[in-house]
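J.: I would like the atomic coordinates for the input below:
(one chain, ligands or ions: 1)
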Amino acid sequence: MDKMWAGRFLKELSSDTNDFNSSIAVDSRMYAEDIRGSIAHALMLGAKGIIPEKDSLAIIRTLKEIEEGIENGTVKIDAAAEDIHMFVEAELTKRLGDVGKRLHTARSRNDQVALDTRLYCVKEIKNIKAALIGLLKCLVSLAEKNVSTIMPGYTHLQRAQPVSFAHYMTAYASMFARDCDRLDDCLKRVTISPLGSCALAGTTYDIDRFQTAESLGFAAPSVNSMDGVSDRDFAIELTAAISLIMTHLSRFCEEIIMWCSWEFRFIELDDAYSTGSSIMPQKKNPDIAELVRGKTGRVYGDLMALLTVMKGLPLAYNKDMQEDKESLFDAIDTVKLCLPIFTKMLDTCTINKDNMLKAAGKGFINATDCADYLVKKGKPFRDAYKITGELVAKAISLDKTLSELGIEDYKEKCDLFDKDVYDAIELKNCLNKRNSYGGAGEKAVAEQIKYFKEFIEKNA
Ligand code: ARG
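T.: From the prediction side, this is the model:
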């Protein structure tokens, strides 16, 4: 097949070079974006009188037909084509002859590919955000049902202080809401149009880059044409934002894997969202959570690949940049795969409230409250801390909890203790006194639930 750039070449391209050079297997998924970008370009060329208006209209009409053809299967994307941009243009020229050949006036594949990739990111950012909102809804609904489900909160994976399962869920909601915001922020820089940067230096034609940017829903054209075709920050930023979503999912997965172990038994996954073992009949494995945790590594790899491809590239376009899409698309595909299945797994799990409460009863997670009791009676915190530490040591030596110590044990350490200490260290009270803004108490968590409901409404 004759290449569009064949004029300067005396020999045919070797077939192995053709295969090596081709990116169609990866970039064919951008056909709709490529056609959208070309339509915007053709419209501008016609409006500015750079090509005849009637040619512009014919190009636009035919591009729409090609898109329909690809969608309904009548147009087959040629696997031997160099890339999707060449394929669409060849298809156009096949149908329109000379008129089709006018489309590439005042344009280069360098600005074309940058534009298509950005348009693709815009579409996928919306999809990822929708999946995040789905997860946020699930978290809020779990939180609403569990404001009084007491469980131990941990630091260093050691039982620390009482929280509620709802407080845990709103903690994760905070993380995924930040992810939504990060995507929005990233979108600001994705929606800068490189179209009209041409190869690198702009063009001698009187194009209107503001018009094409606006017609594509972009905020503005890139300020500098060299940067327009060289910049892949937007792809790196999006992959970084996706990497953080994966980080959050992965941390959550780690907890879920622990929570459904026999050691914890805080939750049980639904049979439909867990798997068995080929040899051990008793096993019920949290494969989804493990796979999501595993795929997090793969997305970090995508981010690292992108950063490494871009490092050291001179301005402007270099073919190295063709490698950007595989990593970017893989990160997008992976997060889109993980978010919905993770959400379903979480949504269908059973919360073992009794086991959570039992675990909260052990480990002295009310020790801070015991110290606070003394502080409220006038002891400086450091002294109260030390006295409570001694009480904990005594309880450990007697294999008792703080509630099981007698009042004489308390009084022996400090005469400020009275019978009301038992109320103060009762788990339910410990939880519900923590109503400082953002805290684990029922009132504080209700505020958090309200916050995330409003967030969902604003972002849905
Ligand atoms: N397939 C190329 C890419 O993905 C398109 C741009 C090619 N431009 C060029 N001057 N060879 O980056």
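J.: Quick check: residues of this protein near the ligand?
T.: 23, 27, 83, 109-110, 113, 317, 319, 321-322 (Cβ under 6 Å from any ligand atom). (Glycine included, C-beta is placed from N, CA and C.)
J.: Show me those that map onto helices.
T.: Under the assignment DSSP state H, the residues of the chain next to the ligand contribute 27, 109-110, 113 to helices.
J.: need those in TSV with pLDDT, can you?
T.: Output for those, formatted as TSV (pLDDT from 0 to 100):
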residue	pLDDT
27	98
109	98
110	98
113	98
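J.: State the pair within those residues that is farthest apart.
T.: 27 and 110 (13.8 Å; Cβ to Cβ).
J.: Pick out whichever of the two has more residues nearby.
T.: residue 27 (25 against 21; other Cβ atoms under 10 Å).
J.: Which residue is the nearest non-sequential neighbour of that one?
T.: residue 84 (4.6 Å; Cβ to Cβ, 6 or more residues apart in numbering).
J.: so which residue of the stretch 201-350 of the chain comes closest to the ligand?
T.: residue 322 (3.6 Å; Cβ to the nearest ligand atom).
J.: Next: the stretch 151-300 of the chain.
T.: For the stretch 151-300 of the chain, Cβ to the nearest ligand atom, closest residue to the ligand: residue 199, 7.3 Å.
J.: Just give me the neighbour total for residue 121.
T.: 25.
J.: ok, the residue nearest to residue 27 - contacts?
T.: Contacts of residue 84 were listed using Cβ atoms under 8 Å, 6 or more residues apart in numbering, and they are 23-24, 27-28, 30-31, 34, 77, 116.
J.: change it to 10 Å
T.: 23-24, 26-35, 70, 77, 112-113, 116 (Cβ atoms under 10 Å, 6 or more residues apart in numbering).
J.: so what pLDDT did it get?
T.: We note a pLDDT of 98 for residue 84 in this prediction.
J.: try residue 282
T.: For residue 282, pLDDT reads 81.
J.: Next: the one 10 residues further on.
T.: pLDDT recorded at residue 292 is 98.
J.: ok, then the element right after the helix or strand hosting residue 254?
T.: Using DSSP states H and E, residue 254 maps to helix 233-259. Using DSSP H and E, the helix or strand that follows helix 233-259 towards the C-terminus is strand 267-268.
J.: same for that following strand, what does it pack against?
T.: helix 233-259, strand 350-351, helix 353-361 (3 or more Cβ pairs under 10 Å, 6 or more residues apart in numbering; DSSP states H and E).
J.: wait, which of the ones you listed is closest to residue 211?
T.: Nearest of the helices and strands packed on strand 267-268 (Cβ to Cβ): helix 233-259, 21.4 Å.
J.: Could I get the contacting residues of the residue lying closest to residue 378 once chain neighbours are set aside?
T.: Distance criterion Cβ to Cβ, 6+ apart; nearest residue to residue 378, sequence neighbours excluded, is residue 416 at 7.0 Å. Neighbouring residues of residue 416 by Cβ under 10 Å, 6+ apart: 373-379, 384, 387, 410.
J.: ok, those vs residue 355, which is closest?
T.: residue 373 (27.6 Å).
J.: from what I can see residue 61 touches residue 96, true?
T.: Yes. If you go by Cβ atoms under 10 Å, residue 61 and residue 96 touch, sitting 9.4 Å apart.
J.: In space, what's closest to the residue of the stretch 201-350 of the chain closest to the ligand - neighbours in sequence excluded?
T.: Nearest to residue 322 is residue 23, by Cβ to Cβ, 6+ apart, at 5.0 Å.
J.: where does the stretch 1-150 of the chain have low pLDDT?
T.: For the stretch 1-150 of the chain, the stretches with pLDDT under 70 are 1-2, 5.
J.: now with 80?
T.: 1-7 (pLDDT under 80).
J.: where exactly do the strands run in it?
T.: Using DSSP state E, counting those that start in this stretch, the strands of the stretch 1-150 of the chain run over 150-155.
J.: Would you reformat the contacts of residue 416 as CSV and include distance to residue 243?
T.: Putting these into CSV (distance: Cβ to Cβ, whole Å) gives the following:
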residue, distance to residue 243
373, 45
374, 46
375, 43
376, 45
377, 50
378, 51
379, 47
384, 44
387, 47
410, 51
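J.: which stretches of the stretch 1-150 of the chain form helices?
T.: 15-21, 24-27, 31-47, 53-72, 84-96, 98-101, 109-145 (DSSP state H, counting those that start in this stretch).
J.: Report the buried residues of the fifth one.
T.: The one in question is helix 84-96. 84-93, 95-96 (16 or more other Cβ atoms under 10 Å).
J.: can you check the second one too?
T.: By 16+ other Cβ under 10 Å, the buried positions in helix 24-27 come out as 24, 26-27.
J.: from those residues, which is closest to the ligand?
T.: residue 27 (5.7 Å).
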